[in-house]
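> Generate a structure from the sequence data that follows.
(one chain, ligands or ions: 2)
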Amino acid sequence: MRLIREYAHVRVPATTANMGPGFDSFGMAFRFYDEVEVRPITGATRVVVEGVGAGSVPTDDDNLVVRALRAGLDAAGAPQAGFEMRCVNRIPHGGGMGSSASAAVAGLMLARGLISEPEALGDDAVFALATDFEGHPDNVAPAVFGGATVAWTQSDGLPRMAPMPVDESLPVSLLIPPSSTRLSTQEARQVLPVSVPRADALFNTSRAAVLMLALAGRPDLLMAGTEDRLHQEYRRSVLPASMAVMDSLREQGYPAVISGAGPTVLVLAELEEATRQTLANHGWTVLAPGIDTTGAVLG
Ligand SMILES: Nc1ncnc2c1ncn2[C@@H]1O[C@H](COP(=O)(O)OP(=O)(O)OP(=O)(O)O)[C@@H](O)[C@H]1O
Ligand SMILES: N[C@@H](CCO)C(=O)O
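Ligands and ions are numbered 1, 2, ... in the order given. This next block holds a predicted model:
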C-alpha cells in the first residue's frame, strides 16, 4: 500500500444519538458539516483549525483527526508521513452533536483518500475503526452512512449497523445552548445508573419500536416514540437548562429529546418563529438543517 494522492478533502455530517428511547443505538445525520483537507508533507504535522475548537484543540499529531488518519493508514498497511491539515469546524464540541465521532470518521476517510487502494478502507471498515477509536457506534454509523441508523455491538464484540427507514422530509430542529454549558460525554455518562428497573427497560423497548414506525412515515407517533426512561431523567442534574427546555417543548406538543449526551436539544419538528425567537433571546442557537442522507463524502 502506498500514499499516492497529494491532497484529500472530506465533508462529515453532524449527528445525533439516542433520539429519546434508542439509547446508545439510534442515530441520525444532519446537513451540517465539518470539512477537513490534508496534504502529506515531509516534516512535522501542522494543523490549522478554523471555527469550533480554534485555539483549544491540538494543532499537531495529538489532534483527533490526525490520530484517526494515522490509525486508518496503519489499518490499511500504508506508510505514515507528516501532514498539513486544515479543519473547518462547525459542529460544537461536547455539544451532543457527535463532534468526536465526526472527527474520527474524517480522519479515516482522509486516509482512504490518500492511499493507493481505497477499497482497503471501505465504509464498513471506517465504521468499525471509528467505533473502536471513538467508542460510540450510534454517532459513528450516521456520520459514515447518513440518514437514520441503528447500531449495536454483536456478541463477538464487533459493532454492526443497519439503516432505519426515515421520511427524509421530516423537519428537524437543533437547539444549541450557549457555549458555557458544554458537557463532555464522559461527564454525562458518569451520572447514569448501573442498572434500571425492569419496567423502565420495557418502556423503552416499546417506545424505540414506536419511534422506528414514526420515522418511517407516522408523524402521529412521534410524541410516544420519543419518550425515554433510560438516560434523560438521570442526566437532569448535569443538563438542567436543556431538560427544562425539552420539558417545556414537550408540554407544547413538540417531540423534543436530548441530542446524544446533551446539552443540545433535538426536536423532530419545525419550531414556531416565536419559540425560536425566545430561545435566541436566551443565547440559544437554533438550526433547522434537514437530514443528511449521504454520510461522509470525499472530494
Ligand atoms: N474536529 C475535532 N478536532 C479535534 N478534536 C475534536 C474534534 N471534535 C471533537 N474533538 C474532541 O472531542 C471532544 C468532544 O467529545 P465528546 O464525545 O465529549 O463530545 P461530542 O462528541 O461533541 O458529543 P456527543 O458524543 O454527546 O454527541 C472535544 O472536547 C475535543 O477534544
Ligand atoms: N449514546 C451516547 C452518545 C454520546 O455520544 C450517550 O448518550 O452517552
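
> Look at Phe23 and tell me its secondary structure.
strand (DSSP: H, G, I helix; E, B strand; the rest coil).

> Is the closest residue to Gly55 other than its chain neighbours within a helix or a strand, and which one?
Closest residue to Gly55 apart from its sequence neighbours, by CB to CB, 6 or more residues apart in numbering: Val49 at 7.7 Å. The way it works is simple: take the backbone N, C-alpha and C, and place the C-beta from them, glycine included. Here Val49 is covered by strand 46-51, with elements defined by DSSP states H and E.

> Just to be sure, Val10 is in a strand?
Yes: according to three-state DSSP, Val10 belongs to a strand.

> follow-up on the earlier one: check whether the helix or strand following the strand holding Val49 contacts ligand 2.
Per DSSP H and E, the first helix or strand lying C-terminal to strand 46-51 is helix 64-76. No: using CB under 6 Å from any ligand atom, helix 64-76 never reaches ligand 2; the gap is at least 13.9 Å.

> mean confidence for helix 64-76?
Average pLDDT, helix 64-76: 97.

> what about the nearest residue to Leu268 once chain neighbours are set aside, how many neighbours?
For Leu268, ignoring the flanking residues on the chain, the nearest one in space by CB to CB, 6+ apart is Pro255 at 4.5 Å. Pro255 is flanked by 22 other residues according to other CB atoms under 10 Å.

> Would you check how far apart Ala120 and ligand 1 are?
Counting by CB to the nearest ligand atom, to the nearest Å, the separation of Ala120 from ligand 1 is 24 Å.

> part of a strand, is that residue?
No: the assignment for Ala120 is helix, going by three-state DSSP, so no strand is present there.

> Do you know the pLDDT at it?
96.

> what's the closest non-adjacent residue to it?
That would be Ala76: by CB to CB, 6+ apart, it lies 4.3 Å from Ala120.

> List the buried residues of the strand or helix carrying Val38.
Secondary structure from DSSP H and E places Val38 in strand 22-41. For strand 22-41, burial by neighbour count (16 or more other CB atoms under 10 Å) applies to 22-38, 40.

> do stretch 175-189 as well
175-177, 181-183, 185, 188.

> Can you name the two of these that sit furthest apart?
Leu175 and Thr185 (18.5 Å; CB to CB).

> Distance-wise, check the residue nearest to Ala120 relative to ligand 1.
The gap separating Ala76 from ligand 1 is 21 Å, by CB to the nearest ligand atom.

> just Arg235 next, same as before
From Arg235 to ligand 1 the distance is 11 Å (CB to the nearest ligand atom).

> Touching, that residue and Ala261? I think so.
Yes: between Arg235 and Ala261 there is a contact under CB atoms under 8 Å: 7.5 Å.

> More neighbours: which of those two?
Set side by side, Arg235 and Ala261 show more neighbours around Ala261, with 26 against 22, by other CB under 10 Å.

> What residues does that one make contact with?
17, 96, 183-185, 188-189, 235 (CB atoms under 8 Å, 6 or more residues apart in numbering).

> nearest spatial neighbour of it, skipping sequence neighbours?
Ala188 (3.6 Å).

> Would you quantify the distance from the one you found to ligand 1?
Ala188 is 7 Å from ligand 1, by CB to the nearest ligand atom.

> so that residue sits in a helix?
Yes: under three-state DSSP, Ala188 falls within a helix.

> what's near enough to touch it?
235, 238-239, 261-262.

> Return the member of these nearest to ligand 1.
Proximity of the contacts of Ala188 to ligand 1 (CB to the nearest ligand atom) peaks at Ala261, which lies at 3.5 Å.

> coming back round to it: of the contacts of Ala261, which belong to strands?
Using DSSP state E, the subset of these located in strands is Ala17.

> So for the contacts of Ala261, which is the shakiest by pLDDT?
Within those, pLDDT is lowest for Leu183, at 81.
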